[in-house]
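A.B. asks: predicted model follows, preceded by the sequence.
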Amino acid sequence: MKPRLLFPLLILLTLMLQFAELVLGPVKIPFSEFFLPESWLVVEIRLLKLIVATIAGISLSVAGLQMQTLFSNPLAGPYVLGLSSGASLGVALLLLGGVSGPFGIAGAALAGAAGIMFLLVVVNARVRDGMSLLILGMMFSSAVGAIVQILQFLSHESALKSYVVWTMGSLGEVTWGQLPLFGVIAVAGLVLAVLTVKSLNLMLLGPVLARSMGLDLRRSRMLILLSTTLLAGGVTAFCGPIGFIGLAVPHIARGVCRTADHRVLIPASALLGADILLGCDLISRLLVLPINSITALVGIPVVIYVVLRR
């Protein structure tokens, strides 16, 4: 579909889903009572949640697109380098290890993701190819996962339950006070993603051709890593690890746009990610189910289709 037709349709769909987020839910609000003070309390909660869902959907989708292009791997996602594991370690240390922190769960998760990001930047300065970076990132993720398992084994039941609930993901834990910081982190990540559009397009040609055309692969990888850390790490910090959106949406965007040009794919992935996560949140709210269970049911068929098609 041509971008000049696709983008207005996606924007319209986003607005329709956001309106549905406001009016639909377990508590029914007649339109005649929509603007009454007692109804606005419910609407204010839903308004915050739809903003969070929009930001999270955009962030995860763009981060996933960057990872799939960087590693030339259709099964790469925003968490492939261990950013989610790093955030999980920060939260595990806070909830399971009894380590106190001034900024709560979100601050602990951001610190954990930043720690993994620092390791990846150090590694990126020493390796020449993306595959080595991917392997080392997976090793970091496995090591961090092992530490988290030890903390789970040694923790008390109440603390373990709090951690498990966090791992299910939630779009309703962000407060109005936290929203500006969440938005700033996401915008910074998106700005970096836009700045790497040319690099991402050149990476599609392969590392040899990309270098021959003047692309500094290490610098480009570092910018992409930083963008992905801000996008995926920010979502994980404020919403918990939300799966399959970043993995599935870029494939849907490619199928809809019929192009590999990231000048089109980045905005298309962003809008589709927002739409799909808004829809998943609406279903999870009506069925009273964790958001991760809905995103998995939506994303898994897409991943299976991609694997079978290849």
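C.D. replies: Now that the structure is in, tell me what you want to look at. Numbers count the residues shown, from 1 in each chain.
A.B. asks: OK, contacts around residue 210?
C.D. replies: In this structure, residue 210 makes contact with 202, 203, 217, judged by Cβ atoms under 8 Å, 6 or more residues apart in numbering. Where C-beta positions appear, they are placed from N, C-alpha and C, glycine not excepted.
A.B. asks: tell me the one of these nearest residue 58?
C.D. replies: Of all the contacts of residue 210, the one with the least separation from residue 58 (Cβ to Cβ) is residue 203, at 21.6 Å.
A.B. asks: number of nearby residues for that closest one?
C.D. replies: By other Cβ atoms under 10 Å, the residues close to residue 203 number 24.
A.B. asks: what of residue 231?
C.D. replies: As a burial measure, the neighbour count of residue 231 was computed by other Cβ under 10 Å and equals 30.
A.B. asks: rounded mean pLDDT for the helix or strand where it lies, please.
C.D. replies: Assigned by DSSP states H and E, residue 231 belongs to helix 217-239. The predicted model assigns helix 217-239 a mean pLDDT of 90.
A.B. asks: roughly how far does the residue nearest to residue 302 when sequence neighbours are not counted sit from residue 221?
C.D. replies: If the residues on either side of it in the chain are set aside, residue 302 comes closest to residue 248, at 3.9 Å by Cβ to Cβ, 6 or more residues apart in numbering. Using Cβ to Cβ, to the nearest Å, one gets 24 Å for the distance from residue 248 to residue 221.
A.B. asks: the more surrounded of those two?
C.D. replies: With neighbours defined as other Cβ under 10 Å, residue 248 and residue 221 compare such that residue 248 has more, 27 against 23.
A.B. asks: check contacts around that one.
C.D. replies: With contact taken as Cβ under 8 Å, 6+ apart, residue 248 is in contact with 276, 298, 299, 302, 303.
A.B. asks: which pLDDT value belongs to the second one?
C.D. replies: In the predicted model, residue 298 carries a pLDDT score of 86.
A.B. asks: what sits against it?
C.D. replies: Residues touching residue 298, when contacts are defined by Cβ under 8 Å, 6+ apart, comprise 244, 248, 276, 279, 280.
A.B. asks: that one sits in which helix or strand?
C.D. replies: Applying DSSP H and E as the criterion places residue 298 in helix 291-309.
A.B. asks: could you do residue 271 as well?
C.D. replies: When secondary structure is defined by DSSP H and E, residue 271 falls within helix 262-287.
A.B. asks: just the buried residues of that helix, please?
C.D. replies: Residues of helix 262-287 classed as buried: 262, 264-285 (neighbour count, 16 or more other Cβ atoms under 10 Å).
A.B. asks: repeat that for stretch 212-223.
C.D. replies: Under the neighbour-count rule (16+ other Cβ under 10 Å), stretch 212-223 has 215, 217, 220, 221, 223 buried.
A.B. asks: can you map out the strands along the stretch 51-200 of the chain?
C.D. replies: For the stretch 51-200 of the chain, applying DSSP state E, counting those that start in this stretch gives no strands.
A.B. asks: what about it, any weak spots by pLDDT?
C.D. replies: Counting by pLDDT under 70, the stretch 51-200 of the chain contains low-confidence residues at 98-103.
A.B. asks: and what about the residue nearest to residue 302, helix, strand or coil?
C.D. replies: Reducing the assignment at residue 248 to three states with DSSP: H, G, I helix; E, B strand; the rest coil gives helix.
A.B. asks: same check on residue 241?
C.D. replies: Remark: residue 241 carries the secondary structure label coil [criterion: three-state DSSP].
A.B. asks: list the residues that contact the nearest residue to it once chain neighbours are set aside.
C.D. replies: In space, not counting the residues next to it along the chain, residue 241 is nearest to residue 84; the distance is 4.6 Å by Cβ to Cβ, 6+ apart. Taking Cβ under 8 Å, 6+ apart as the definition of contact, the neighbours of residue 84 are 78, 113, 141, 232, 236, 241.
A.B. asks: so how far is residue 7 from residue 193?
C.D. replies: Between residue 193 and residue 7 the computed distance is 17 Å (Cβ to Cβ).
A.B. asks: and what of residue 270?
C.D. replies: In this view, residue 270 and residue 7 are 10 Å apart by Cβ to Cβ.
A.B. asks: one step back: would JSON lines of the contacts of residue 84 with distance to residue 122 be doable?
C.D. replies: Formatted as JSON lines, the entries for the contacts of residue 84 read as follows, by distance: Cβ to Cβ, whole Å:
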{"residue": "78", "distance to residue 122": "20"}
{"residue": "113", "distance to residue 122": "15"}
{"residue": "141", "distance to residue 122": "16"}
{"residue": "232", "distance to residue 122": "19"}
{"residue": "236", "distance to residue 122": "21"}
{"residue": "241", "distance to residue 122": "24"}
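A.B. asks: tell me which of these is nearest to residue 71?
C.D. replies: Taking Cβ to Cβ as the measure, residue 71 lies nearest residue 78 of the contacts of residue 84, at 11.9 Å.
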